[in-house]
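Undergrad: Next input, structure requested:
(one chain, ligands or ions: 1)
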Amino acid sequence: MLRGIHVPLVTPFDASGAVAVDAIEKLARQVLDQGAAGLVALGTTGEVAALDPAERARVIEVCARVCAERQALLTVGVTGNDTRSTARALAELPEGVHAALVTVPYFLRPGERGVDAHFEALAERSPVPLVIYHIPYRTGQAVSAATLRELGAHPKIAGIKYAAGGVTQETVELLAELPEGFEVVCGDDAFISPMLALGAVGGILASAHLETAAFVELAGAWQAGDVGRARALGHRLARLSAALFAEPNPTVLKGVLHARGLIPTPDVRLPLLPASPEAVSQARLVAVHPGE
Ligand SMILES: O=C(O)C1=N[C@H](C(=O)O)C[C@H](O)C1
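TA: From the prediction side, this is the model:
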């Protein structure tokens, strides 16, 4: 279900500060045309926390329309650190959403048993399969490979977006032995190549707004065992990701997309501040423009 490259779309704003729905649609079509397997709406990259409920609904609507046309997977980010409200948000997901990306409860640090109980409760009630978003350096909650594997045995838990900030002993342990039907996708752009080499089936990568086809090729090369091609591509794309993440995501990415004429402004909502011109120029230098 999660195999391939999924693009967590930015939410572009127009000069009045409103969500630029047309630009979302254009980006969505472009990345799917270049081989992305799916879209993620309302991720961190989409500045979900800064969108009001009507804006969130509009973003889902446009992504669902494009995904339905292209038969692509639509995953929607659902964040919360309270089980009841997260379950309500899942129950309210509209038609056309295929999976929900649910963050490990952040800030509260409920312990691994609490994380386990949280996801078991959500999985029982969710209308769509869940993808656990494991990002301990942001949530403040460690989750061991053993607990993740236990959760992965639940039939409604389809996989994990793994963003542990690197490849560690836990990463290797998790990927060595996965429950049937439970897939790992990489959520740390800079580590996509090593994660694929270890057995991840794909990635949810903001960097794949740019050079989508090259990220798709990278995943294909590791899956086909073309190590030489995969290594070369992986190193090149890691440099792109490093440039895009030199300042808080998605500020640099939005700067580059704007410079390419793909979104009407590079604007982000507070507390994010626009990227520096130097960071945007550097990322533009590293990214290969389609057709170049
Ligand atoms: O929104 C996402 O999904 C992602 N967000 C991460 C972040 O902002 O740190 C990066 C990753 O590419 C996907």
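
Undergrad: Look up which helix or strand the nearest residue to residue 103 once chain neighbours are set aside falls in, please.
TA: Of all residues not flanking residue 103 in the chain, residue 133 sits nearest, at 4.3 Å (Cβ to Cβ, 6 or more residues apart in numbering). For the C-beta atoms, the positions are set from N, CA and C on the backbone; glycine is no exception. Using DSSP states H and E, residue 133 sits within strand 130-134.

Undergrad: Please state the offset of that strand from the chain centre?
TA: How far strand 130-134 lies from its chain's middle: 10 Å, per Cα atoms, centre = their mean, to the nearest Å.

Undergrad: for that strand, packing partners?
TA: Strand 130-134 sits against strand 99-103, helix 111-125, helix 145-152, strand 157-162, with contacts defined as 3 or more Cβ pairs under 8 Å, 6 or more residues apart in numbering; DSSP states H and E.

Undergrad: For residue 257, which non-adjacent residue is closest in space?
TA: residue 263 is the one closest to residue 257 (Cβ to Cβ, 6+ apart), at 4.6 Å.

Undergrad: Now do the same contact list for the one you found.
TA: 10, 12, 20, 23, 27, 254, 257 (Cβ atoms under 8 Å, 6 or more residues apart in numbering).

Undergrad: Give me the most central residue, the protein.
TA: The chain has residue 204 as the residue nearest its centroid, 3.5 Å off, counting by Cα atoms, centre = their mean.

Undergrad: which stretch of helix or strand covers the closest residue to that one other than its chain neighbours?
TA: Leaving aside its chain neighbours, residue 204 sits nearest to residue 6 (4.6 Å; criterion: Cβ to Cβ, 6+ apart). Here residue 6 sits within strand 4-8, counting by DSSP H and E.

Undergrad: how about the CA coordinates for that strand, as PDB?
TA: Taking Å, rounded to 0.1, in the frame of the first residue of the first chain, the C-alpha atoms of strand 4-8 are listed here in PDB:
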ATOM      1  CA  GLY A   4       6.900   4.400  -3.600                       C
ATOM      2  CA  ILE A   5       7.400   8.100  -3.100                       C
ATOM      3  CA  HIS A   6       4.700  10.100  -1.400                       C
ATOM      4  CA  VAL A   7       4.800  13.900  -1.500                       C
ATOM      5  CA  PRO A   8       3.600  15.900   1.500                       C
END
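
Undergrad: next one: the helix or strand just after the strand holding residue 133 to chain centre, how far?
TA: Using DSSP H and E, the next helix or strand after strand 130-134 towards the C-terminus is helix 136-139. Centroid separation between helix 136-139 and its chain, computed with Cα atoms, centre = their mean, is 15 Å.

Undergrad: And helix 136-139, what's buried?
TA: Neighbour counts using 16 or more other Cβ atoms under 10 Å place residue 139 of helix 136-139 among the buried residues.

Undergrad: Quick one: residues in contact with that helix.
TA: Residues from elsewhere that reach helix 136-139 (Cβ under 8 Å, 6+ apart): 103-107, 142-143, 164-165.

Undergrad: Counting neighbours, which of the residues you listed comes out on top?
TA: Highest neighbour count within those, by other Cβ atoms under 10 Å: residue 104, with 25 neighbours.

Undergrad: quick one, what contacts that residue?
TA: 115, 132-136, 139, 141, 143.

Undergrad: need these in CSV with distance to the ligand, can you?
TA: Formatted as CSV, the contacts of residue 104 follow (distance: Cβ to the nearest ligand atom, whole Å):
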residue, distance to the ligand
115, 19
132, 13
133, 8
134, 12
135, 7
136, 13
139, 12
141, 16
143, 17
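
Undergrad: So which residues on the protein come close to the ligand?
TA: 8, 40, 43-45, 187, 189, 204-206, 249 (Cβ under 6 Å from any ligand atom).

Undergrad: ChimeraX command to pick out the buried ones of those?
TA: Applying 16+ other Cβ under 10 Å to these, the buried members can be selected in ChimeraX as follows:
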select :8,40,43,44,45,187,189,204,205,206,249
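
Undergrad: Strand partners (parallel or antiparallel) of the strand holding residue 6?
TA: strand 38-41 (parallel), strand 202-204 (parallel) (DSSP bridges).

Undergrad: Buried deepest among the ones you listed, which one?
TA: Greatest average neighbour count among the strands paired with strand 4-8 goes to strand 202-204 (a mean of 30), per mean count of other Cβ atoms under 10 Å.

Undergrad: and stretch 25-32, which residues are buried?
TA: 27-28, 31-32.
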